[in-house]
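> here are the coordinates; sequence isn't available:
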C-alpha cells in the first residue's frame, strides 16, 4: 500500500494524498445527488425485495423479506401484461404521432412567409404549460358521447357517435389524441431550434442545383435534424413510458382497464392499496424497460451518425 | 404553512383565555417572540393557577360535502364548549383513503375524522384508532341502542368499537312508479321473482332503445347485496380465502348477469350515461339501485311534470315478501390513537352524533341520520321517499370485516364488468375472482397462522 503511493511519485508521501480540486468543487452536487437520488433508489431496491404493506406499517414485525418474489409475482400477474401492452400501445402510437405533429408545427412556425412567429410559437406552446386537470375537464366535454363537440363534428361526416371514454376500444385513442395535443408544443420548440441551426447556404446551394421544396426537405432538413430527432425521440419515449396523469384524471385506468398504464398501476398498488414492496418492484421493472429502449436509441444514434455524416457533406 | 397557522392559533387562544384575565398580554407577547422557554416558565404556572387551561384543539377531517357543511356546526359547538377549538379540514372523497393512510404513515393524522364504515377494519388492523367502548359506556349522549343495529355493528372489530355512526348509507331501489303501473305488473317488488317480472314487462313496453334498470358496470354493490341476501359469506375460513364459487354467490351472480343478458340493463359504460337524472326522467330506464344521497338529488332534479311518478322501495328478497338485506354503509366518526386531545375530540363526536345535529346534517346535506330518534325528530318516517330507507335500514348487513375488503370489492366490480361485457364466462370470472382474492388475503393468512402459533 505504502509502496504504491511512492510508486506514484508523489512527493507528499504521507497518508494525505492530494485530491484533485475538481472533486471538491463537484462535491456539494455529488453529495446532493447521493443523498437525494442514490440513497432513495437503493432504499427502493431493498423495499422491492420485501412484502411491505399496510400490516408492515402497523408493525415492522409483519415485514417479510421475499427476495425476488415480488418480481416473480409481477411477471405472473395478468395485470402487468395488460398494463405493459397498454403502455406500449401508447408509446408506439402516441410517440411518432407526437413527433410528427411537433415537426409539422415547427416547420409552419419557422416558415419564412409566416408573420408574428413569437405569437404562434407561444400559442402552440400553451397546452404544455396548461394544468392537465383543467385540460382534462375541457376534453371530457369534447369527448362526451352525446353532447361532445368531437362526436358532433363526426356526425357531419356521417360517423355514428363514439363513446370515447366509455368504450374499451376507443378510450386509449382518446387518451393518445389528448396527450399528443398536450405535449407537441415542447418538442416543437426544440425542432424550431434545430431548424434555425441549419445553415442557410445549404438551401441556397440546393436551389442553385435546382432542388425544390420537397427534395430540400428530405435531403437537407431531415438529415440535418437527425441529432434533434434522436434527442426528441428518446426524451419523448422516456416520458411516454411514464404515462400517468392523462388516464389518472380522464378514465382512472378504465373502462375495463383499457387505459391502465404501468405507472398508474404502480400508483394504485403503492398508494391506493399500500403494497409498497410490490409497487417498488414495478418501478424497477419499468426502469429496466426504459433503460433498454434508451440504450437501443443511443446505439442507433452512434450507427445513425455515421450514416448521416456523408449525406451532410454531400 | 399549515403548521404555522396552527401554532399561531394555539398561542392566540392561550393569550385570549388567560392573559386577558391576568392582564399580562403585552409582556407575554413580547416574551413569546424572544424566548420561548422563558415564556413557558412565566406563563405556565400563571395559566395553571389562574385560569382554566384550554382542553385543546381538535383537528377534524371530513370528506366532500360533509366537510363543507360541518364547518357551519363548529361555532355553536365552540359556544357550548369554549375550551375546545375545532379546526375542520375538508378532503375530497376520491382521495380520502389515500390521504388518511398517508397521514397515518407520515404521523400527521388529525385528531378526529370521518371514516367510511367499510374502512374501519383496515384502520383497526393498522392499530391507528382509539377504542371507544369505554367512552361510549360512560357517555350520556351516545347510546348504542339508539342506532340501527346493522350499521352500528360495522364499527365493531373483535372486542373493540372504533367508531360512532354519523350518517348511514345503504342501497335500494329508485323506480318510476308510472312506468311500473303501465307495465301491468301487480305483484309488487317484494321478491326477486316479482321484481324480475316487473322488469321484463317494462322492457317489453319500452322497446329496444330503453331499459328496465340501470346498473353501472363496475359497481360491486349490487352483486354483493344479492349475494348477501342469499346468505353468501363472500369469504371463508375466518376471512382467509375467497368464497365466490359458493352456491349462494353463484346464484346471485347469475341473477345479476341475467339482467344484462336479457337486455334489461344496458351494457354501455359509465360514460355513456350522460346524466342519470335526465335519463331517469326521460324513461331511459325505470329502476336504479342507489343510495340516500340521491333522495335529495332526485327531489331537486326531477322535472315538476314528473310529479310523484318516482318512488323508492327496499331491496326485494330472494323469496317471500321483502325486504331483503342490503349493505350497511355510511360514515362513522373515529379518533386517531395519536390524538393529543382525545377528551376534547370525544366531546366533538358526541356533539355531532346527537340527534339534533344529525337532523341538522340531514337538512344541510340530505345524509340520513344513524339514530332512529333523529329520524323521528326530522319527521323522516313520514317522508314517502325516505320511508323505504327506514325499512331497509332494519335489514342491513356488513361486508366482511377484513382490512382487504376495499380491494376485494374492487376485484368483484372488475370481474363483474368483464363478465357483463362477455370478455370471460361467468364461471371463469368467479374462478379468477377467487384466485385473486386468495392472493390478496395471503398476507392475512400468514399473520393469522403466526398469531395462532404464538398462542400455542
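That came through fine. Keep in mind the model is a prediction, meaning the values are calculated, not measured.
> any idea which element the closest residue to residue A:187 other than its chain neighbours lies in?
Leaving aside its chain neighbours, residue A:187 sits nearest to residue A:102 (3.5 Å; criterion: C-beta to C-beta, 6 or more residues apart in numbering or on different chains). In short, each C-beta sits where N, CA and C put it, glycine included. Take DSSP states H and E as the rule and residue A:102 turns out to sit in helix A:78-110.
> What number of residues are in the vicinity of the residue nearest to residue A:263 when sequence neighbours are not counted?
Leaving aside its chain neighbours, residue A:263 sits nearest to residue A:244 (4.1 Å; criterion: C-beta to C-beta, 6+ apart). Neighbours of residue A:244 under the rule other C-beta atoms under 10 Å in any protein chain shown: 15.
> so who does residue A:244 touch?
A:261, A:263, A:264, A:267 (C-beta atoms under 8 Å, 6 or more residues apart in numbering or on different chains).
> surely the second one meets residue A:240?
No: look at residue A:263 against residue A:240 with C-beta atoms under 8 Å: they stay out of range, at 10.6 Å.
> quick check, residue A:161 in a helix?
No: under DSSP: H, G, I helix; E, B strand; the rest coil, residue A:161 falls outside any helix and is assigned coil.
> what about it, distance to residue A:106?
Distance, residue A:161 to residue A:106, by C-beta to C-beta, to the nearest Å: 35 Å.
> Which one's more surrounded, those two?
Shown here are residue A:161 and residue A:106; by other C-beta under 10 Å, residue A:106 has more neighbours (26 against 16).
> name the element the closest residue to that one other than its chain neighbours belongs to?
Spatial nearest neighbour of residue A:106, excluding adjacent residues (C-beta to C-beta, 6+ apart): residue A:191 at 3.4 Å. With secondary structure defined by DSSP H and E, residue A:191 is part of helix A:168-196.
> relative to helix A:78-110, how tilted is that helix?
40 degrees (axes from the mean of the first three to the mean of the last three C-alpha atoms, to 10 degrees).
> Need the single longest helix in chain B, by residues.
helix B:405-421 (DSSP state H).
> which ones are touching the residue in the stretch 51-200 of chain B positioned nearest to chain A?
Closest residue of the stretch 51-200 of chain B to chain A, C-beta to the nearest C-beta: residue B:126 (4.6 Å). By C-beta under 8 Å, 6+ apart, the contact list for residue B:126 reads A:54, A:57, A:58, B:104, B:403.
> looking at this, the fourth one is in a helix?
Read that as residue B:104. Yes: Residue B:104: assigned to a helix according to three-state DSSP.
> Contact partners for the residue nearest the centre of chain B?
Closest residue to the average C-alpha location of chain B: residue B:330 at 2.5 Å, with C-alpha atoms, centre = their mean. Shown in contact with residue B:330 (C-beta under 8 Å, 6+ apart): B:116, B:117, B:151, B:154, B:165, B:166, B:167, B:168, B:169, B:170, B:368, B:370.
> Got phi/psi on it?
With angles defined as degrees, to the nearest 10, residue B:330 shows backbone torsions of phi 120, psi -170.
> still on that earlier bit, mind putting the contacts of residue B:126 into TSV with pLDDT?
Shown next, in TSV, are those (pLDDT from 0 to 100):
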residue	pLDDT
A:54	84
A:57	84
A:58	82
B:104	90
B:403	90
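> So which residues of the stretch 51-200 of chain B form helices?
For the stretch 51-200 of chain B, helices defined by DSSP state H, counting those that start in this stretch occupy the ranges B:64-70, B:74-80, B:96-105, B:120-125, B:133-138, B:149-153, B:177-183, B:192-206.
> Kindly reformat those helices as CSV and extend each row with mean neighbour count and distance to residue A:197.
CSV is the format used below for the helices of the stretch 51-200 of chain B (neighbours: other C-beta atoms under 10 Å in any protein chain shown; distance: least, C-beta to C-beta, whole Å):
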stretch, mean neighbour count, distance to residue A:197
helix B:64-70, 19, 53
helix B:74-80, 13, 63
helix B:96-105, 19, 46
helix B:120-125, 23, 58
helix B:133-138, 13, 73
helix B:149-153, 19, 70
helix B:177-183, 17, 70
helix B:192-206, 19, 66
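> domain parsing for chain B?
B:1-54, B:57-169+B:330-382, B:172-327+B:402-450 (automatic domain parsing).
> Out of these, which is closest to residue A:120?
Proximity to residue A:120, assessed across the domains of chain B by C-beta to C-beta, is greatest for domain B:172-327+B:402-450 (34.3 Å).
> Between the two ends of that closest one, what distance do you get?
41 Å (C-alpha to C-alpha, to the nearest Å).
> what bits of the stretch 201-314 of chain A have low per-residue confidence?
For the stretch 201-314 of chain A, the stretches flagged by pLDDT under 70 are A:303-314.
> sorry, back to before: now that we have the contacts of residue A:244, which one has the most neighbours?
Counting neighbours by other C-beta under 10 Å, the top entry in those is residue A:261, with 29 neighbours.
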